[in-house]
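K.L.:
Pasted the sequence and its predicted model underneath.
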Amino acid sequence: MRSRSARSQKVQPHTRSGELTSQSGIITGRLADWADALETTSSELLDAMDRAGIEPLIDTGASKDGEGHDRPTNPELRCIAMTEADVGRVSAELLEISPVARE
């Protein structure tokens, strides 16, 4: 099976701020949108991913092998993709650093 480009598969890029997209157990979106959805900051989200040992399936902020230019690190431009299971692990890690106050 050959890999096809997103355009040939009629997959649309993230064009609206504030949206995460889920398909077949994989969730994608801009880093800023992930942080908003998980009620945290972009840096806290990335730290939680590191602590949980989660490597995103896609990270437009990570350089590819042999690439000679900088990748976008701005949370409004940077996109990441994770499995639903990894999102659960990140959420649990975030709760460890920011527990919900109980009344």
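P.N.:
Yep, it's here.
K.L.:
So for stretch 63-71, mean pLDDT?
P.N.:
What stretch 63-71 shows for mean pLDDT is 73.
K.L.:
Show me what counts as buried in that stretch.
P.N.:
For stretch 63-71, the buried set under the neighbour-count rule, 16 or more other C-beta atoms under 10 Å, is empty. For the C-beta atoms, the positions are set from N, CA and C on the backbone; glycine is no exception.
K.L.:
Please work out which residues outside it touch it.
P.N.:
60-62, 78 (C-beta atoms under 8 Å, 6 or more residues apart in numbering).
K.L.:
Show me the two of the residues you listed that sit farthest apart.
P.N.:
Of all pairs drawn from those, the one with the longest distance (C-beta to C-beta) is Ala62 and Arg78, at 9.2 Å.
K.L.:
So which of the two has more stuff around it?
P.N.:
Neighbour tally, Ala62 and Arg78, criterion other C-beta atoms under 10 Å: the higher count belongs to Arg78, 19 against 13.
K.L.:
Next one: that one, what pLDDT does it get?
P.N.:
For Arg78, the predicted pLDDT is 88.
K.L.:
wait, it sits on Pro56?
P.N.:
No - counting by C-beta atoms under 8 Å, Pro56 is not a contact partner of Arg78; they are 10.2 Å apart.
K.L.:
Verify the stated contact: Gly25 with Glu84.
P.N.:
Yes - judged on C-beta under 8 Å, Gly25 makes contact with Glu84 at a distance of 5.0 Å.
K.L.:
how far out from the middle of the chain is the helix or strand encompassing Glu93?
P.N.:
Secondary structure assignment for Glu93, by DSSP states H and E: helix 84-97. How far helix 84-97 lies from its chain's middle: 12 Å, per C-alpha atoms, centre = their mean, to the nearest Å.
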